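*Asks:* sequence and predicted model, in that order:
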Amino acid sequence: MLLSKGFEIEMYTGTPQGEIVGLSNRIVADLDGFVTEPDSRNVEYTTAPFCSYDRLLCALVRPRRQLRAYLERLGNYTLIPGSTLSLGGSDRFYRSDPSNPYHGYIEQTYGTNVVTASVHINIGISDPELLMRACRLIRVEAPLYLALSASSPFLDGRPTGYHSTRWGLFPKTPSHVPLFESHAHFIQWTEEQLVAGTMQNVRHLWSSVRPNGNRRPYDLNRLELRICDLIVDPIALLAVTALLEARLWQLITDPSLDPLEKTILSPEDLVTLTDANEDAAARQSLDAQLQHWQDGRTILAGEWIAQIYEEVRAIAKKRGYSCFLSPLQKILKEGNTAQRWLKSHNQNLDSRSVMIEAIQAMVDQEQELEDKLCEQLVA
């Protein structure tokens, strides 16, 4: 038995030279399964929830291959990795729907700080109190998932000093989000934010992790991890997801992993610590010095992830998906996307050259996965 899992994937479109071009309106008009974002330069697709990692792999790759083929028919267009406007364009917002008042609010309030690409990982949990417990644990450990996924070291053609410029600039909204003690607490807090105007609607909760469902905040059925930068390598994305699922199974088995129980810190101190950890992970990802939520001790993000990996490896093996978890070791050993890009940049490649190489590497990897894996599964 495995938990159900699904993804919301936001991606930029543009040219093989790395220029990001807004094409989402044409894509959505011509292709099923894609939706617009407030800015037309990125487009989103969502995978159906599957328990099987094999099926998830196909669900990730196939829409991208379909989208890539469509872009090639439109002209010399492609998909662009990364989670920020890496080579330029942050000076202007390109509205996908000028008549949408919520999009107008977003543009006027946040500008292009929200014109980012990311992956949201959704894990099905139907019991609302278990879901709240899961959100508490993953909230205090969300910086680790950001550290694994960081892929936005450039903005407007220059390194920014962040490994995840996206999360460093992104307007977490509302500015203060507590650890929800219960489903009732989440309902009450959400209703208060809507009245106060700190949230424009129930979707306007832009924190690292949130409860999600068909009628928020009342009818909930999944945990949504929102902190991750875009991970264009499907194998790496499934490894990060496998770590998340194994950690949740560990919590289900051992409810004392709840941060409200297994810590010397107060709930408010936990939020303050976690916010600081998110900022540190956005800056230095796997090399960030974080404070552990259990006792406040300092620990490197990469070391903390390696510790959790060892704790949950047996869980993944028992449930039959350890082969999808094991590629996490490659990320810890070789670095995440941002670290690899910055290494190339430090070896005298300019940011455009780095991005052009990454664009082609993404094409090659998709083709290999489509040929070697997905067709075998269908057969």
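*Replies:* That came in fine, so what should we check first? Residues are numbered from 1 along each chain as shown.
*Asks:* alpha carbons only for contacts and neighbour counts from here, please
*Replies:* OK.
*Asks:* since we're on the residue nearest to A59 when sequence neighbours are not counted, how many residues are nearby?
*Replies:* The spatially closest residue to A59, leaving aside those adjacent along the chain, is T47, at 5.9 Å (CA to CA, 6 or more residues apart in numbering). A count of nearby residues for T47, using other CA atoms under 10 Å, gives 18.
*Asks:* what does E368 give?
*Replies:* By the other CA under 10 Å criterion, the neighbourhood of E368 contains 12 residues.
*Asks:* pull out the buried residues from stretch 68-83.
*Replies:* Neighbour counts using 16 or more other CA atoms under 10 Å place 68, 70-71, 77-83 of stretch 68-83 among the buried residues.
*Asks:* quick check: the farthest pair among these?
*Replies:* Pairwise distances across the buried residues of stretch 68-83 (CA to CA) peak at 21.7 Å, for the pair Y70 and S83.
*Asks:* for the host helix or strand of E368, packing partners?
*Replies:* Assessed by DSSP states H and E, E368 sits inside helix 351-369. Judged by 3 or more CA pairs under 8 Å, 6 or more residues apart in numbering; DSSP states H and E, helix 351-369 is in contact with helix 53-74, helix 337-346.
*Asks:* so which of these is nearest D30?
*Replies:* Using CA to CA and comparing those, the one that lies nearest D30 is helix 53-74, at 8.9 Å.
*Asks:* hey, where'd the strands end up in the stretch 101-250 of the chain?
*Replies:* With strands called from DSSP state E, counting those that start in this stretch, the stretch 101-250 of the chain shows them at 119-124, 154-155, 158-159, 209-212, 222-225.
*Asks:* could you do the stretch 251-379 of the chain as well?
*Replies:* Remark: strands assigned in the stretch 251-379 of the chain by DSSP E, counting those that start in this stretch are 289-291, 298-300.
*Asks:* okay, those in JSON lines with mean pLDDT next?
*Replies:* Formatted as JSON lines, the entries for the strands of the stretch 251-379 of the chain read as follows, by pLDDT from 0 to 100:
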{"stretch": "strand 289-291", "mean pLDDT": "98"}
{"stretch": "strand 298-300", "mean pLDDT": "98"}
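*Asks:* tell me how many other residues surround T198.
*Replies:* The burial metric for T198, expressed as a neighbour count using other CA under 10 Å, is 16.
*Asks:* now the one 4 residues further on
*Replies:* By other CA under 10 Å, the residues close to V202 number 14.
*Asks:* repeat that for G111.
*Replies:* Each residue near G111 was counted by other CA under 10 Å, and the total is 16.
*Asks:* ok, which of the strands of the stretch 101-250 of the chain comes nearest L349?
*Replies:* strand 158-159 (11.7 Å).
*Asks:* ok, how many other residues are close to the residue lying closest to E37 once chain neighbours are set aside?
*Replies:* In space, E37 comes closest to V43 once its chain neighbours are excluded; the distance is 6.0 Å by CA to CA, 6+ apart. Counted with other CA under 10 Å, the burial measure for V43 works out to 24 neighbours.
*Asks:* just confirm V43 is within a strand.
*Replies:* Yes - according to DSSP: H, G, I helix; E, B strand; the rest coil, the state of V43 is that of a strand.
*Asks:* before we move on, the earlier item: of the helices and strands packed on helix 351-369, flag the one that's most buried.
*Replies:* Highest mean neighbour count among these (mean count of other CA atoms under 10 Å): helix 337-346, with a mean of 19.
*Asks:* got the residue ranges for the helices in the stretch 201-350 of the chain?
*Replies:* Taking DSSP state H, counting those that start in this stretch, the helices of the stretch 201-350 of the chain run over residues 234-253, 267-284, 301-318, 322-325, 328-334, 337-346.
*Asks:* can you redo the ones you listed as a markdown table with distance to M11?
*Replies:* Putting the helices of the stretch 201-350 of the chain into a markdown table (distance: least, CA to CA, whole Å) gives the following:
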| stretch | distance to M11 |
| --- | --- |
| helix 234-253 | 13 |
| helix 267-284 | 20 |
| helix 301-318 | 26 |
| helix 322-325 | 23 |
| helix 328-334 | 21 |
| helix 337-346 | 15 |
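*Asks:* contact partners for the closest residue to W167 other than its chain neighbours?
*Replies:* Nearest in space to W167, with sequence neighbours left out and distances taken as CA to CA, 6+ apart, is A282 at 6.0 Å. By CA atoms under 8 Å, 6 or more residues apart in numbering, the contact list for A282 reads 143, 146-147, 150, 162-165, 167-168.
*Asks:* relative to V271, which of those residues is nearest.
*Replies:* Using CA to CA, P143 is the member of these that sits closest to V271, with 12.2 Å.
*Asks:* and that closest one, how many residues sit next to it?
*Replies:* Counted with other CA under 10 Å, the burial measure for P143 works out to 28 neighbours.
*Asks:* does it touch N277 like I think?
*Replies:* Yes - if you go by CA atoms under 8 Å, P143 and N277 touch, sitting 6.0 Å apart.
*Asks:* out of the contacts of A282, which is nearest to S90?
*Replies:* Taking CA to CA as the measure, T165 is the one of the contacts of A282 closest to S90, at 12.3 Å.
*Asks:* could you single out the most deeply buried of the strands of the stretch 251-379 of the chain?
*Replies:* Here the criterion is mean neighbour count by mean count of other CA under 10 Å, and of the strands of the stretch 251-379 of the chain the winner is strand 289-291, at a mean of 22.
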